[in-house]
Structure formats: structure tokens, C-alpha cells
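> can't give you the sequence, but here's the structure:
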């Protein structure tokens, strides 16, 4: 692994912080639209944030002390995979409610089933079939599908209210995720490539945070006195 300068390791916390802001406003959007699944969104967002913090902390410790705490680095996908599954399911209910459609009860069971299937597949590949890093692929698939589903739902929710700018910001974040894939697979990776990767991540998460804020503001309930004035 390339030795990270301390300033680059600290820079890694910026997209994590921006993601945390975005997830908070998304959880508020879910609470306003479908309160029954607010906790599902909060738990999913918390797991996603914990995954990002674990990876950023690993880089910071490596840069500051030279210690390679592998468990911190590998915690990213085991935390993010269930996080995105829970968030996507919660958003599905919220977006359906926004469009005036019924939301089935017990959506947490769907999220739990998705996580269980991924975990069983990971365990079988790792311990039964003894594949190298066998646990990784099922969790990667769950992260990717959850992220794509959540992004698509947020874009659809914005387009449903003709908020083209908000939808565009969500789309930019999604495009940055795809743009980062070729960079992540490059080996060896120069220091300049690490800076480019983090800068694109910051751009994407900044758009994500701004769009999430706009989405929440657009759909938050009016205070009672304002609602009476509008009526």
C-alpha cells in the first residue's frame, strides 16, 4: 500500500462528513413521508457512516503511525452492505408514500431478508468453498444494488416534484460512483491518483448532501400556523 501523507488521510474525512449530512436529511425525509420506517433509515444511515469512518480512520492511523489495522479497512463492506439495504428499503416506502401509494407493513423484514441472503452467501463462499476473500463479492453486490436503488428512488422522488436541479445533483453523485470504479482498480496507484480519487469523492458527496437537504426542505410538513394560512 502507498504511504499516505497525513493531509490526504485527513482529507478522507471530508466526504465521510458530507455523507453523514446527506444521510441525516434523507432520514428526515423518510420520517416526514413514512414515519414507520424512520428507524430503518436511521439504522441504515448509521451503518453506512460507520463504514466510511472505519476506512478513513484506518488511513489516518496508517499515515500517522504506520500501523496497518486491517480489520478497520475490511469493516467497510460488512457495515455498508446492510446499511444500504436498510436505507434503500426505507426509501422505497417513503417514495411510495410521497406518490400516494400504499406502503406494506413490516418492510424491515424485506431488509433483513436481503442482509441474511448476502451474509449466508458470504459465509458459504468464505468457509465452505474456501474461496479467497469469498465474503467480499456478496457484500459488494448488496452495496452496489442498495446504492443504485437508493439513488434511483431519490432521483425519482425529485423528478416527481419537477425538481430537476435536485435530481441532477443526485445523478452527479451516482456518476461519480461509476467514475471512481476504474480509478479504484488501478494498480499501482500514484499519489496523484489518490488525490484525484478523493477529490471526485468530495464532489459527489457534496452534491449528494446538497440534494438531500433540498429534498428534505421540499417535503417537510408546514408548521401548523403556516398550514392554516395556506388553507
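On my side now, so go ahead. Treat the numbers as computed from the prediction; the structure is a model and nothing was measured.

> any low-confidence regions in this protein?
For the chain, the stretches flagged by pLDDT under 70 are 1-3, 222-231.

> mind listing what residue 169 touches?
By CB atoms under 8 Å, 6 or more residues apart in numbering, the residues touching residue 169 are 207, 208, 210, 211, 214. C-betas here are computed from N, CA, C, even on glycine.

> what does residue 218 give?
By CB under 8 Å, 6+ apart, residue 218 lies in contact with 158, 161, 163, 166.

> and the third one, how many neighbours?
It refers to residue 163. 18 (other CB atoms under 10 Å).

> In contact with it, which residues?
Neighbour list for residue 163: 214, 215, 218 [criterion: CB under 8 Å, 6+ apart].

> got the residue ranges for the helices in this protein?
Secondary structure of the chain (DSSP state H): helices at 6-11, 13-33, 38-65, 70-74, 76-98, 107-123, 136-160, 164-185, 191-219, 224-230.

> Redo these as a markdown table? Include distance to residue 129.
Listed next are the helices of the chain as a markdown table, based on distance: least, CB to CB, whole Å:
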| stretch | distance to residue 129 |
| --- | --- |
| helix 6-11 | 36 |
| helix 13-33 | 34 |
| helix 38-65 | 25 |
| helix 70-74 | 19 |
| helix 76-98 | 18 |
| helix 107-123 | 10 |
| helix 136-160 | 11 |
| helix 164-185 | 24 |
| helix 191-219 | 32 |
| helix 224-230 | 58 |
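
> now, of those, which is deepest in the fold?
When you average the neighbours per residue for each of the helices of the chain (mean count of other CB atoms under 10 Å), helix 76-98 leads with a mean of 25.

> Give me the angle between that one and helix 38-65.
Put simply, helix 76-98 runs at 150 degrees to helix 38-65, going by axes from the mean of the first three to the mean of the last three CA atoms, to 10 degrees.

> could you say what helices and strands helix 76-98 packs with?
Here helix 76-98 touches helix 13-33, helix 38-65, helix 107-123, helix 136-160, going by 3 or more CB pairs under 8 Å, 6 or more residues apart in numbering; DSSP states H and E.

> For residue 95, which of the ones you listed is the nearest?
Residue 95 sits nearest to helix 136-160 of all those, at 4.9 Å, using CB to CB.
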